[in-house]
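1. can't give you the sequence, but here's the structure:
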């Protein structure tokens with residue numbers, strides 16, 4: 001049996017030994033700090049080349065125990081998934097930030113572009129990095145670009161701002177999530193032609209819009225008997241979702257299937273129950289709101305993402321940007337999971 005060993009990379013201590021200088025002197029030269037004689041600089045630089053030493057900005061920051069102040073912006077409201085995400089961000093800043101990240105979690109009006117843009121500008125002025133649940137709007141894009149141009153990394157979380165200067169997006173492939181929803185509803189809905197109602201938080205949210213696009217695309221490809229007839233916006237609020245869905249149900253035929261692409265599933269279920277509509281229903285996220293609905297049969301399935309993984313990923317990506325560290329794309333890929341009552345975690 002053969003074994004493979006990773007090569008031992010040269011350290012700064014190796015450079016100092018090779019150049020016959022102190023570790024502190026080698027550190028000054030490698031990090032371009034003053035106070036070293038030209039002849040000594042040449043010796044250290046020659047040692048760097050001879051050994052193939054590579055400076056790692058993240059290691060340098062770690063050695064200095066440099067700390068960072070950053071701000072995470074999450075939406076206002078009562079969305080249980082966002083509440084869980086807030087808790088996970090606090091925990092991730094403590095664990096993944098190696099106690100070097102001072103992360104303030106603040107709330108912003110997600111559905112008001114000017115308010116969110118103002119919050120991003122304020123967050124950028126307060127800290128050295130920003131994590132934000134995005135809104136696809138020119139004002140928000142401009143605020144992110146301004147922060148990026150000032151050298152502050154911005155990480156979008158859950159909902160992206162495409163085309164902006166953000167450093168990284170952390171979240172699921174929402175187009176794929178919409179396709180999954182279509183595949184599930186195509187199987188759960190009664191056979192024959194039928195019409196579908198889609199509940200979104202808002203069409204201005206890129207994640208919800210991508211879910212809708214993927215949903216329509218997959219229905220057309222695989223279940224042409226089902227067609228999207230109604231698209232309503234509930235602003236991720238149960239009461240607003242109930243009112244919006246009830247208004248549709250009072251004026252038209254009953255839908256064969258319902259896709260809740262945002263939050264507010266309890267309001268959706270209440271509207272269906274009040275009008276006696278029996279439809280296949282697929283929603284998003286496992287929360288204190290959706291768990292009992294899935295167990296009771298009011299929801300047929302949930303499409304979920306792990307808020308803990310997302311929070312840890314957002315913090316890791318931000319810390320990498322702040323320290324010059326590397327990002328593992330595979331580690332930061334947020335995966336989609338389907339939950340039924342049979343595999344619901346306790």
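-> Okay, I see it. As the structure is a prediction and not an experimental result, all values here were calculated from the model.
2. correct me, but residue 318 touches residue 153?
-> Yes: between residue 318 and residue 153 there is a contact at 6.2 Å, judged by C-beta atoms under 8 Å. From N, CA and C alone the C-beta is placed, and that goes for glycine too.
3. Give the residues shared as contacts by those two.
-> 129, 167 (C-beta atoms under 8 Å, 6 or more residues apart in numbering).
4. which of the two has more neighbours?
-> residue 318 (30 against 21; other C-beta atoms under 10 Å).
5. Please tell me how far the more buried one sits from residue 167.
-> 8 Å (C-beta to C-beta, to the nearest Å).
6. Please enumerate the shared neighbours of those two.
-> Contact criterion C-beta under 8 Å, 6+ apart; residues shared by residue 318 and residue 167: 153, 155.
7. so where is the stretch 151-300 of the chain shaky, pLDDT-wise?
-> Within the stretch 151-300 of the chain, no stretch has pLDDT under 70.
8. Start from the N-terminal end of it and give the helices.
-> Remark: helices assigned in the stretch 151-300 of the chain by DSSP state H, counting those that start in this stretch are 174-188, 206-222, 238-251, 265-275, 290-296.
9. Compare the ones you listed and give me the one nearest residue 110.
-> With C-beta to C-beta as the measure, helix 206-222 is the member of the helices of the stretch 151-300 of the chain nearest residue 110 (11.2 Å).
10. how about the closest one: buried residues?
-> Applying a neighbour-count criterion of 16 or more other C-beta atoms under 10 Å, one finds 206-212, 214-216, 218-219 buried in helix 206-222.
11. So which other helices or strands are in contact with that helix?
-> With contacts defined as 3 or more C-beta pairs under 8 Å, 6 or more residues apart in numbering; DSSP states H and E, helix 206-222 has these neighbours: helix 174-188, strand 194-200, strand 226-233.
12. The longest one - contacts with which helices or strands?
-> In other words, helix 174-188. Judged by 3+ C-beta pairs under 8 Å, 6+ apart, the packing partners of helix 174-188 are helix 206-222, strand 257-260, strand 280-284, strand 301-304.
13. Also the shortest one?
-> With contacts defined as 3+ C-beta pairs under 8 Å, 6+ apart, the secondary structure elements packing on strand 194-200 are helix 206-222, strand 226-233, helix 238-251, strand 257-260.
14. how far off helix 174-188 does that strand point, in degrees?
-> 140 degrees (axes from the mean of the first three to the mean of the last three C-alpha atoms, to 10 degrees).
15. what's strand 194-200 in contact with?
-> For strand 194-200, contacts defined as C-beta under 8 Å, 6+ apart pick out 185, 208-209, 211-212, 215, 219, 225-234, 241, 244-245, 248, 253, 255-262, 264, 268, 279.
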